[in-house]
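1. My questions are about this predicted structure, shown below with the sequence.
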There are 4 protein chains.
Amino acid sequence: MPDASTTVRELRDRVVAFVHERDWEKYHNPKDIAISMSVEAAELLELFQWRSDSQVDLDDSETREAIEDELADVFVYCLSLANAIDCDLSDVTLRKLAKNERKYPADEWRGRAR
Amino acid sequence: MPDASTTVRELRDRVVAFVHERDWEKYHNPKDIAISMSVEAAELLELFQWRSDSQVDLDDSETREAIEDELADVFVYCLSLANAIDCDLSDVTLRKLAKNERKYPADEWRGRAR
Amino acid sequence: MPDASTTVRELRDRVVAFVHERDWEKYHNPKDIAISMSVEAAELLELFQWRSDSQVDLDDSETREAIEDELADVFVYCLSLANAIDCDLSDVTLRKLAKNERKYPADEWRGRAR
Amino acid sequence: MPDASTTVRELRDRVVAFVHERDWEKYHNPKDIAISMSVEAAELLELFQWRSDSQVDLDDSETREAIEDELADVFVYCLSLANAIDCDLSDVTLRKLAKNERKYPADEWRGRAR
């Protein structure tokens, strides 16, 4: 199921099924999902702790898989939160990108850090 | 662009364009994206600070939009990291869900917190 | 060495010694210490994941020690960062509390969440 | 009140007074303090976002004060959590440093990142 043909809805449905099979909906309130998202984002960050970016070797398959796994964990909690609060993730993403475009006009911010 | 018809690739391409128009690729190394993901996850979490889950009113449009915006920020950094390390997000998500299924067999974990 | 008689300086010196014995000063730049502080704060938070506050039993000695250990980790990175940027932690703490007092006047905020 | 003469207990008492004057003890349960600690650690981290460590100028007084303020916020939540769970912070810090010494023997780890 590559990105080119997989819809956000299909991925959300996989997460719905995973949670439902375990009867975990009762834990999946927005506050606790937000906690989990922070926890998983920190586990991703930990893989870069005490290393310069160039010291993290993405050509090493073990390192790459560890990073991809933590990225997937954060991503799954994004899908979970969208499920829990019933919002359309594509819609809110495009709405936020449009806000960011107004906040950081390309002509003004080109080549400068936020 | 609702979730039902939007592919992950289409969303990734929007983020590619946003970053490219600002010439921000040079900042988007994996370590700094991981930092940003943690920062945005914490901004989402802040909306639940000092409140019980039930005190966060999702029917209030301002509250809802604030949560959706912070969710979108984390989601965008997931797409950014996938772009930066060139991985297929759908593939790694399904691979991680399969690992989670082995780690938390439904029959054993039904109704119990991790 | 209980809190009543231990100065902040004494604790900072312990951390200086720990880092020096391992020749870790070269890693202890402010950015990487800030990353570590976030990572450790998330490990503390993880102990409360999927549980209501009342479900975390502080009378259970194993639970208590786990929480105390993660608290200590964050605390040690606070001491480390003060060492790395050479600031007086007591001074900056009192200065920040004074700012917070002006931001949240007691008469106005009594009993209300921030 | 410099670090050389300020005990941990004195700083804890300042935080006790600050919280008490606002009747905020009811919010200060361990789970919500842990959330706040993560949120403040991320605000500190945000000051290093998209910058190399050397691009963060500690000689600039505004930058320095911003970093010190966020450090103080995390530190205050460490003191708050110690107050809320009633543990001796100096004791648990030294206990944790002793564990770290066993985990990372100086002879074995000298000059190597964790």
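-> Good, I have the coordinates.
2. For the nearest residue to residue A:1 once chain neighbours are set aside, which residues are in contact?
-> With CB to CB, 6 or more residues apart in numbering or on different chains as the measure, residue B:90 is the residue that lies nearest to residue A:1, at 4.8 Å, once sequence neighbours are left out. Just so you know, the C-beta spots here come from the backbone N, C-alpha and C atoms, and that holds for glycine as well. For residue B:90, the set of contacting residues under the criterion of CB atoms under 8 Å, 6 or more residues apart in numbering or on different chains consists of A:1, A:2, A:3, A:6, A:11, B:8.
3. got the contact list for the fifth one?
-> Spelled out, it's residue A:11. With contacts defined as CB under 8 Å, 6+ apart, the neighbours of residue A:11 are A:79, B:8, B:90, B:93.
4. Take the contacts of residue B:90 and, keeping just the buried ones, write it as a ChimeraX select command.
-> Those of those that meet the burial criterion (16 or more other CB atoms under 10 Å in any protein chain shown) are gathered into one ChimeraX selection, given here:
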select /A:3,6,11 /B:8
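5. Between all of the contacts of residue B:90, which two are separated the most?
-> Considering CB to CB, no two members of those lie farther apart than A:2 and A:11, which are separated by 11.9 Å.
6. which bits of chain A sit near chain C?
-> Where chain A comes near chain C, counting by CB under 8 Å from any CB of the partner chain, the residues are A:27, A:32, A:35-36, A:38-39, A:41-43, A:45-46, A:48-50.
7. hmm, 6 Å instead?
-> Applying CB under 6 Å from any CB of the partner chain, we find that chain A lies next to chain C at A:27, A:32, A:35, A:36, A:38, A:39, A:42, A:45, A:46, A:49, A:50.
8. Check chain A and tell me which residue is nearest its centre.
-> Centroid-nearest residue in chain A, with CA atoms, centre = their mean: residue A:75, separated by 3.0 Å.
9. follow-up on the earlier one: so the residue nearest to residue A:1 is in which element?
-> Assessed by DSSP states H and E, residue B:90 sits inside helix B:89-103.
10. buried residues in that helix?
-> Within helix B:89-103, the residues that qualify as buried by neighbour count (16+ other CB under 10 Å) are B:89, B:90, B:91, B:92, B:93, B:94, B:96, B:97, B:100.
11. Tabulate those residues in a markdown table, adding columns for pLDDT.
-> Rendered in a markdown table, the data for those read as follows (pLDDT from 0 to 100):
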| residue | pLDDT |
| --- | --- |
| B:89 | 98 |
| B:90 | 98 |
| B:91 | 98 |
| B:92 | 98 |
| B:93 | 98 |
| B:94 | 97 |
| B:96 | 98 |
| B:97 | 97 |
| B:100 | 96 |
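12. still on that earlier bit, nearest to chain D, out of the contacts of residue A:11: which one, please.
-> Chain D lies nearest to residue A:79 out of the contacts of residue A:11, by CB to the nearest CB, at 21.6 Å.
13. got the contact list for the closest one?
-> Residues counted as contacts of residue A:79 (CB atoms under 6 Å, 6 or more residues apart in numbering or on different chains) are A:11, A:12, A:15.
14. Pick the one among these closest to chain C.
-> When the contacts of residue A:79 are compared for distance to chain C (CB to the nearest CB), residue A:15 comes out closest, at 16.0 Å.
15. Who are the contact partners of residue A:37?
-> Counting by CB under 6 Å, 6+ apart, residue A:37 touches A:77, B:41.
16. The helix or strand that contains it to helix C:30-46, inter-axis angle?
-> Take DSSP H and E as the rule and residue A:37 turns out to sit in helix A:30-46. Counting by axes from the mean of the first three to the mean of the last three CA atoms, to 10 degrees, helix A:30-46 lies at 140 degrees to helix C:30-46.
17. Before I go, just wanted to say thanks for your time.
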